[in-house]
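Asks: the following comprises the amino acid sequence and a computationally predicted model.
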Amino acid sequence: MESTKIDAVLQQAANESRSILYEHEVYGILEALNLKVPRHRLIRTPDEIDRELLSGYGSDRLVLKIAAPTVAHKQKLGGVEILIKDLDFLKYSFERMMQRFRDAGHEPVGALLTEMIDYTPELGNETLIGFRESDTFGPVINFSKGGSDAEHFAAHFSPPNLVLPPLSPEWARALLSSTEIHKKFLQEGKKHYVDQIIEAKLKLSEVAVAFSNFFPSESDVVIKEFEINPFVFDRDGRMIALDGFAVIAPREEGSVIDEAAPASDSFRNLEAFFRPEGIAVVGVSAADHSRPGNIIASNLIKLERRDVHCVNPKGGAVQIEGEELMLHRTLQDLPVIPELVIVAVPAGAAVAVVREAVAVGCKAILLIPGGFSESSHDRGPEEEILALCREKSIRVMGPNCLGVVFSSNRGEEGINTFFIPETKFKLDYSRLHNIALFSQSGALGLVELTELRHAVSPKVVVSYGNQLDVDPCDLIRFWGDDAEIRVIGVYIEGFKPGAGRRFFDIASQGLADKSRVPIVVYKAGRTEEGRKATQSHTASIAGEYAVTKAAMKQAGCIVAETMAQHQGFIKTFAMLHDKQVSGNRVAVITNAGYEKANAADNLGGLESALLDAETEKALGQILPGFVTVEPFLDLTPMVGDELFAEAAEKLLASKAVDALMISVVPHSGYLHTTDEEVAAYARNIGNEIVRVAAKYRKPVTVSLTAAGGIGSSYDQLGQLIEGGGVPVFSSAEEAMGFLNEFVRYHLIREQNRLEEWIR
């Protein structure tokens with residue numbers, strides 16, 4: 001890449017105080033990249049159009065395009081004309097176009113005269129390739145159908161395909177091979193089309209990185225948008241850029257990513273949020289035990305911590321959990337230096353407390369109160385807090401958050417700053433703690449933990465609120481290598497500027513590493529209404545959802561489209577973490593025909609298993625004659641618990657089956673499914689499913705229909721199955737969908753198929 005030539009083009013436009021490049025300048029950048037453009041010349045006066053000039057154009061028709069600093073969309077304003085190659089007519093047309101735009105208040109510098117490229121506008125012959133600079137993720141490469149209907153096509157038929165640069169040849173190829181048009185090129189023997197598209201992507205990726213606020217550069221100009229629509233393939237199969245558009249801006253000082261990140265030496269201080277030596281709770285009341293500070297102190301003492309110190313300017317003492325604790329007037333009065341200071345006072349008093357905390361030398365500050373920029377839009381107090389803490393490498397979580405829940409299986413003292421009364425929210429610390437949940441919304445974390453209480457148990461939960469300092473990037477980096485955590489769930493309402501790119505860089509590290517913890521992401525604020533809702537809650541500006549989704553997929557995350565999916569993915573990946581995925585052949589066993597059909601309609605990337613003769617014989621020997629032996633096995637409501645389980649075991653034992661979906665419609669009189677029946681009969685279908693699933697390393701999900709809701713008689717059955725390590729859902733559609741995503745994720749990781757990550 002001839003960056004000096006490109007920079008000269010950008011500097012010329014910047015010196016003229018232009019933010020939009022002329023099209024001939026875009027052509028100049030492409031030529032510096034050795035990408036093909038039409039023969040062209042900028043015409044400033046009609047006298048420049050002469051026979052010598054026209055002799056250099058091989059086509060019989062030419063294209064005249066207006067060049068004006070205030071005209072971005074030339075076609076819409078009538079600034080593009082296709083003309084016959086006639087000297088007098090071209091001069092006349094040039095003067096007419098210039099006068100028309102002058103009369104409209106524009107100041108054209110001339111018009112671009114280009115050759116007419118002969119091509120057929122069939123699907124695949126027009127492509128759009130470009131990039132734009134997202135405030136959150138930095139440069140984003142865009143590849144989609146090109147032409148005049150590109151926007152309509154993207155909105156109604158196929159969204160653009162996006163990836164974050166810098167691109168390797170493998171990622172450039174994956175961006176193309178993840179699309180349907182790639183198949184068309186190969187079917188038509190047009191591998192040379194594929195090679196040219198990949199080359200263009202790689203070269204534009206270099207430009208996107210070289211002239212970005214997110215990467216170091218010697219240029220003081222950045223490219224905010226750069227789009228070629230379309231690149232076309234002429235009748236000789238050459239890829240040529242027809243129309244180009246670009247927007248530039250002055251470079252911001254420093255890298256956006258560096259500005260978004262705290263100092264590297266402060267990263268270790270995250271430890272103080274989870275394993276602090278000494279905790280101070282500021283805002284504990286002597287009289288009002290419903291105050292957040294009191295509930296937090298109570299939670300910590302229930303965890304048998306003996307290093308909790310309470311602070312209230314009035315002094316005195318307070319009774320908490322049967323113990324009388326001194327209320328220290330200031331942090332300076334404490335007998336030790338607390339590593340963690342929990343600020344549970346109103347927002348107006350928080351800055352003064354932070355000053356004290358910084359003065360005593362703590363390592364981490366947890367800001368509980370709301371009432372900061374998320375409601376007042378005044379960032380002054382937050383900026384003061386951040387400046388105070390950054391100077392001393394003190395980490396800050398919040399404000400406007402519930403904070404941290406941390407439990408460990410290694411005998412360490414836990415943390416619980418969620419100021420929710422135990423009667424309304426209680427965690428079970430007795431089971432294996434196998435998930436981490438990081439949520440910008442504390443309420444969502446509470447809801448998901450409650451819904452998942454029979455299935456999983458969290459090792460760490462963080463409600464990080466306004467992400468003044470600590471954000472999901474920090475949390476994933478800190479907990480991503482923890483051997484006890486099987487899945488990380490993240491709920492994001494908005495990223496700080498530059499933090500999206502940091503998240504991508506951290507999440508994508510070791511993409512092909514089979515031991516990496518799966519990360520399940522739900523990003524809110526996808527619509528205008530959603531963006532407004534997240535802004536009012538956390539003072540975050542939600543990024544463009546399409547870019548976020550593409551970046552998360554490229555990083556190897558599991559992207560949930562709904563909150564229900566987020567919860568289902570967390571449950572599935574946590575509960576099946578020790579299962580082996582060796583293929584995508586699935587079998588189904590059910591006692592209702594409609595669930596069999598529902599499962600078949602929602603296979604996704606799974607394939608129906610083809611049973612081998614040995615499995616068919618084994619099933620035929622145990623099943624009654626009214627049951628047809630097939631991979632999607634409908635036992636009908638006439639089969640009891642033991643036979644149901646025995647058939648499931650035959651399928652799981654088969655070499656032809658990689659995964660199993662079990663559907664139980666609990667109303668059958670032959671199954672023990674009600675709460676009373678489950679309690680009375682040890683070999684009930686729930687216990688049998690748990691027993692059989694535990695014998696094999698193959699993934700199993702269960703659909704238990706009509707088992708939830710008010711007044712359900714089947715609550716214990718679902719809890720029994722999930723308590724035994726098998727994820728339960730309310731329909732075959734859900735059970736098959738989550739099983740499909742689990743299998744797909746592990747096969748992609750095993751095969752390292754980059755195009756599948758972003759498909």
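Replies: Sure, I can see it.
Asks: CA only for contacts and neighbour counts going forward, please
Replies: Fine.
Asks: what ranges of this protein fall below the confidence cut-off?
Replies: By pLDDT under 70, the low-scoring segments of the chain are 149-158, 254-268, 375-376, 408-410, 429-433, 512, 514, 526-543, 706-712.
Asks: counting by contacts, list what the lengthiest strand in it packs against.
Replies: Counting residues, the longest strand in the chain under DSSP state E turns out to be strand 221-233. The contact analysis (3 or more Cα pairs under 8 Å, 6 or more residues apart in numbering; DSSP states H and E) places strand 221-233 against helix 3-15, strand 126-134, strand 239-241, strand 244-250.
Asks: okay, the angle between that strand and strand 126-134?
Replies: Strand 221-233 runs at 170 degrees relative to strand 126-134, counting by axes from the mean of the first three to the mean of the last three Cα atoms, to 10 degrees.
Asks: what's in contact with strand 221-233?
Replies: 7, 10-11, 14, 119, 125-133, 146-147, 193, 208, 211-213, 238-251 (Cα atoms under 8 Å, 6 or more residues apart in numbering).
Asks: tell me the angle it makes with helix 3-15.
Replies: Angle, strand 221-233 to helix 3-15, by the same axes, to 10 degrees: 110 degrees.
Asks: figure out how far strand 221-233 is from the centre of its chain.
Replies: In terms of Cα atoms, centre = their mean, to the nearest Å, the centre of strand 221-233 is set 25 Å apart from its chain centre.
Asks: may I have that strand exported as PDB, CA atoms only?
Replies: Extracted in PDB, the C-alpha atoms of strand 221-233 (Å, rounded to 0.1, in the frame of the first residue of the first chain):
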ATOM      1  CA  VAL A 221      -6.500  12.500   8.900                       C
ATOM      2  CA  VAL A 222      -8.800   9.500   9.400                       C
ATOM      3  CA  ILE A 223     -11.300   8.000   7.000                       C
ATOM      4  CA  LYS A 224     -14.700   7.800   8.600                       C
ATOM      5  CA  GLU A 225     -16.400   6.200   5.600                       C
ATOM      6  CA  PHE A 226     -15.100   4.600   2.400                       C
ATOM      7  CA  GLU A 227     -17.500   2.800   0.000                       C
ATOM      8  CA  ILE A 228     -17.300   1.500  -3.500                       C
ATOM      9  CA  ASN A 229     -20.800   0.800  -4.800                       C
ATOM     10  CA  PRO A 230     -20.500  -1.000  -7.000                       C
ATOM     11  CA  PHE A 231     -17.400  -3.000  -7.800                       C
ATOM     12  CA  VAL A 232     -18.400  -4.700 -11.100                       C
ATOM     13  CA  PHE A 233     -17.000  -7.500 -13.200                       C
END
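Asks: run me through the strand neighbours of it, direction for each.
Replies: strand 126-134 (antiparallel), strand 239-241 (antiparallel), strand 244-250 (antiparallel) (DSSP bridges).
Asks: helices and strands around the very next helix or strand once past the first one, which ones?
Replies: Which is strand 126-134. Next along the chain after strand 126-134, taking DSSP states H and E as the criterion, comes strand 138-145. Counting contacts by 3+ Cα pairs under 8 Å, 6+ apart, strand 138-145 packs against strand 126-134, helix 150-156, strand 161-163, helix 191-210.
Asks: centre of the chain to the shortest one, how far?
Replies: Put plainly, it is strand 161-163. In terms of Cα atoms, centre = their mean, the gap separating the centre of strand 161-163 from the centre of its chain is 13 Å.
Asks: and the next helix or strand after it with helix 191-210, angle?
Replies: Proceeding N to C from strand 161-163, the next assigned helix or strand is helix 169-177, under DSSP H and E. Angle of helix 169-177 versus helix 191-210, following the same axes, to 10 degrees, is 120 degrees.
Asks: which residues sit against helix 169-177?
Replies: Helix 169-177 has contacts (Cα under 8 Å, 6+ apart) with 143, 161-163, 182-183, 194, 197-198, 201-202, 754-755, 758.
Asks: quick one: buried residues of that helix?
Replies: By neighbour count with 16 or more other Cα atoms under 10 Å, helix 169-177 contains the buried residues Trp171, Ala172, Arg173, Ala174, Leu175, Leu176, Ser177.
Asks: run the angle between it and strand 138-145 for me.
Replies: Orientation note: helix 169-177 sits at an angle of 40 degrees relative to strand 138-145 (the same axes, to 10 degrees).
Asks: circling back: switch the strands paired with strand 221-233 over to a markdown table; also include distance to Leu660.
Replies: A markdown table is the format used below for the strands paired with strand 221-233 (distance: least, Cα to Cα, whole Å):
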| stretch | distance to Leu660 |
| --- | --- |
| strand 126-134 | 42 |
| strand 239-241 | 48 |
| strand 244-250 | 52 |
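Asks: quick one, which of these is nearest to Val26?
Replies: With distances scored as Cα to Cα, the stretch of these nearest to Val26 is strand 244-250 (5.9 Å).
Asks: for the closest one, buried residues please.
Replies: Those would be Gly244, Phe245, Ala246, Val247, Ile248, Ala249, for strand 244-250 by 16+ other Cα under 10 Å.
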